[in-house]
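A.B. asks: Fold the following.
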Amino acid sequence: MIEQIDPQNFRQWIQQQQADGQSPLLIDVREPWEWAVVSLPEQTGCELQRLSMGQIPGELNLLDPDRPTALLCHHGVRSQNVANFLHANGFTVLANIRGGIDAWASQVDPSLPHY
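C.D. replies: Next up, the predicted model:
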């Protein structure tokens, strides 16, 4: 199952995973030029990896399918596609951040630029 979470509920999702003894991962699947425009601060409460959508298949064997994994992109579409791919490849706890970093900038941190 792929959970849909709003950016303002991301910390709650992290805390729930940690309460269950897990160490969640956030993967930003945007392109490098997008990371240069705006990135989440490192203090998201969990490990942050930047793997563009095209890198995911080649890095699949380096990711833990049992680790809770949240996915982020610009508006939530690419991250949903990656979540679907990971789910089809046996990943068990997945969350898509609805609305992506654009929604994060609107709902959580208005200091982040929109693009």
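A.B. asks: So for this structure, the centremost residue is which one?
C.D. replies: Nearest to the mean C-alpha position of the chain, by Cα atoms, centre = their mean, lies Leu71 at 2.2 Å.
A.B. asks: May I have the beta-bridge partners of that residue?
C.D. replies: Ile27, Asn96 (DSSP bridges).
A.B. asks: For it, give me its contacts.
C.D. replies: 26-27, 29, 79-80, 82-83, 86, 94-97 (Cβ atoms under 8 Å, 6 or more residues apart in numbering). Heads up, the C-betas are built off the backbone N, CA and C, glycines and all.
A.B. asks: same for the longest helix seen in the chain, what does it pack against?
C.D. replies: With residue count as the measure and DSSP state H as the assignment, the chain has helix 77-88 as its longest helix. Using 3 or more Cβ pairs under 8 Å, 6 or more residues apart in numbering; DSSP states H and E, the elements in contact with helix 77-88 are strand 2-5, helix 56-59, strand 69-72, strand 94-97.
A.B. asks: Need the phi and psi values for Ala19.
C.D. replies: Main-chain torsions, Ala19, degrees, to the nearest 10: phi -60, psi -30.
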